[in-house]
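1. Pasted the sequence and its predicted model underneath.
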Amino acid sequence: MSIGNVAADLRSGESSVERLVRAVSSDMGQVNDLILDMAGSNVELIPEVANHLVSSGGKRLRPMLTLASAKLFDYDGRDHVKLAASVEFMHTATLLHDDVVDDSAVRRGKPAARVIWGNQASVLVGDFLLGQAFKMMVEAGSLECLRILANASAVIAEGEVLQLSGAKSLANGEAHYMAVIEAKTAALFSAATEVGPVIARQPAAVQEAMRQYGLNLGLAFQLVDDVLDYSGNSAVLGKDTGDDFREGKATLPVLYAYQRGDAADRAFWSRCIEAGEIRDGDLEDAIEKVNASGAIEDSVKRAHQFGARAIEAVQQVPPSPLRDILADVVEFSISRAY
């Protein structure tokens with residue numbers, strides 16, 4: 001997979017994500033209105049906490065993918081708007097819960113909700129948003145879409161527990177890491193892109209192709225996010241660089257660096273990740289070790305492998321400008337690593 005289309009985007013001044021935004025802009029306006037409406041409550045703290053994250057400038061890539069995956073098949077109803085808003089609420093709820101589990105201080109470049117309102121409020125408002133998401137799923141009127149999104153919600157929770165049970169362990173290896181990111185991140189991407197052809201009444205083969213597109217895009221997206229923690233900057237990430245390191249997360253770049261290191265390197269990673277004994281200068285040392293080991297390059301290669309699968313999947317649907325945009329979104333997501 002090349003990044004030629006990304007280069008063309010840069011020359012034209014418009015990224016593939018911006019072209020996706022333009023392609024679904026009218027529907028996305030309705031999604032944003034619905035999000036604001038459904039985040040409301042007579043309990044004053046709920047909209048206060050919810051809007052802190054909802055209005056904090058996230059990309060809203062997942063709901064845009066839901067809209068695009070319906071529009072791709074000329075869907076002309078309005079239920080995809082409810083499904084897209086449901087997807088965004090599910091994502092927002094997981095962020096609120098994640099920040100509590102991880103003791104995160106920053107989200108999308110702002111103080112995390114838990115820092116301002118506390119852990120209890122963050123968890124409970126996350127639960128409220130999940131409830132609102134399921135209300136909108138029911139209102140969309142598709143039992144199959146409800147099944148897909150409900151299953152994704154359960155899988156995401158399983159991924160959280162799987163990550164927690166193997167937290168701070170360097171012995172679990174790449175297979176455990178991939179299982180975690182497939183559940184925590186890729187499951188919602190795949191659900192977001194599968195419900196579009198379902199609501200548009202497309203054949204099972206088309207639904208599966210779009211599910212595979214979302215699944216592999218989600219895997220590539222998370223791999224690049226984990227790379228950026230050791231090679232990016234806070235403005236791109238929307239969180240502090242090195243958060244994964246400080247939280248003791250054995251992401252793929254760390255696993256590669258640990259496996260390829262000498263005895264001193266392994267002792268360093270064991271102390272920092274497994275024992276949680278982080279000293280001044282350790283983050284800089286970690287970044288140096290990850291880069292020197294080739295872990296960044298090889299993690300990006302893995303992202304490219306999943307990206308290629310995502311593009312292959314979406315190319316199974318009929319050609320259209322929107323299909324090309326969805327393929328380019330994969331390349332753009334991976335290009336963030338450069």
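-> Received, thanks.
2. Stretch 77-84: how far from the chain's middle?
-> On the basis of Cα atoms, centre = their mean, to the nearest Å, stretch 77-84 is displaced by 21 Å from the centre of the chain it belongs to.
3. next one: stretch 314-331
-> Taking mean C-alpha positions (Cα atoms, centre = their mean), stretch 314-331 and its chain are 19 Å apart.
4. distance of Thr94 from Leu223?
-> With distances defined as Cβ to Cβ, to the nearest Å, the gap from Thr94 to Leu223 amounts to 18 Å. C-betas here are computed from N, CA, C, even on glycine.
5. Over to Asp98?
-> Counting by Cβ to Cβ, the gap between Asp98 and Leu223 amounts to 17 Å.
6. Give me the more crowded residue out of Thr94 and Leu223.
-> Neighbour totals were compared for Thr94 and Leu223, and Leu223 leads with 29 against 22 (other Cβ atoms under 10 Å).
7. can you tell me which residues contact the more buried one?
-> The neighbourhood of Leu223, defined by Cβ atoms under 8 Å, 6 or more residues apart in numbering, consists of Ile181, Leu252, Ser299, Val300, Arg302, Ala303, Phe306.
8. can we see that at 10 Å?
-> Residues near Leu223 by Cβ atoms under 10 Å, 6 or more residues apart in numbering: 177-178, 181, 185, 251-253, 299-307, 333-334, 337.
9. now swap in Asn216 and tell me
-> Contacts here follow Cβ under 10 Å, 6+ apart; on that basis Asn216 touches 182, 186, 189-190, 303, 305-314, 330.
10. In space, what's closest to it - neighbours in sequence excluded?
-> Closest residue to Asn216 in three dimensions, ignoring its sequence neighbours and counting by Cβ to Cβ, 6 or more residues apart in numbering: Ala310, at 3.8 Å.
11. secondary structure class for the residue nearest to the spatial centre of the chain?
-> Closest residue to the average C-alpha location of the chain: Thr185 at 4.8 Å, with Cα atoms, centre = their mean. Classification of Thr185 using DSSP: H, G, I helix; E, B strand; the rest coil returns helix.
12. Same question for the one 10 residues further on.
-> Judged by three-state DSSP, the three-state class of Val195 is helix.
13. what's around Val161, how many residues?
-> The local packing count at Val161 equals 12, with neighbours defined by other Cβ under 10 Å.
14. how about the helices of the stretch 101-250 of the chain, start to end?
-> Using DSSP state H, counting those that start in this stretch, the helices of the stretch 101-250 of the chain run over residues 113-117, 119-140, 143-165, 173-181, 187-199, 204-231, 234-237, 243-246.
15. With distance to Leu20 and mean pLDDT as extra columns, can I get those in a markdown table?
-> Converted to a markdown table, the helices of the stretch 101-250 of the chain look like this (distance: least, Cβ to Cβ, whole Å; pLDDT from 0 to 100):
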| stretch | distance to Leu20 | mean pLDDT |
| --- | --- | --- |
| helix 113-117 | 27 | 94 |
| helix 119-140 | 22 | 97 |
| helix 143-165 | 21 | 96 |
| helix 173-181 | 23 | 96 |
| helix 187-199 | 12 | 98 |
| helix 204-231 | 12 | 96 |
| helix 234-237 | 18 | 54 |
| helix 243-246 | 27 | 90 |
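16. Of those helices, which is nearest Ala39?
-> Of all the helices of the stretch 101-250 of the chain, the one in closest proximity to Ala39, counting by Cβ to Cβ, is helix 119-140 (7.3 Å).
17. Quick check: Asp225 touching Thr185?
-> Yes: counting by Cβ atoms under 10 Å, Asp225 does reach Thr185; the two are 8.1 Å apart.
18. Now the buried members of the contacts of Leu223.
-> 177-178, 181, 185, 251-253, 299-300, 302-304, 306-307, 333-334, 337 (16 or more other Cβ atoms under 10 Å).
19. So which of these are in helices?
-> When the buried ones among the contacts of Leu223 are checked against helices using DSSP state H, the ones located there are 177-178, 181, 252-253, 299-300, 302-304, 306-307, 333-334.
20. Now stretch 196-207: buried residues?
-> Within stretch 196-207, the residues that qualify as buried by neighbour count (16+ other Cβ under 10 Å) are Gly196, Pro197, Val198, Ile199, Ala200, Gln202, Val206, Gln207.
21. outside of the strand or helix carrying Leu20, which residues touch it?
-> Take DSSP states H and E as the rule and Leu20 turns out to sit in helix 16-23. Contacts with helix 16-23, where a contact means Cβ under 10 Å, 6+ apart, come from 5-6, 8-9, 12, 14-15, 28, 59-61, 64-65, 67-68, 71-72, 321-322, 324-333, 335.
22. I'd like to know which of those residues are buried.
-> Members of those that pass the buried threshold by neighbour count (16+ other Cβ under 10 Å) are listed as 5-6, 9, 15, 28, 60-61, 64-65, 67-68, 71-72, 322, 325-333, 335.
23. Against Arg19, how distant is Ala154?
-> Using Cβ to Cβ, Ala154 is found at 34 Å from Arg19.
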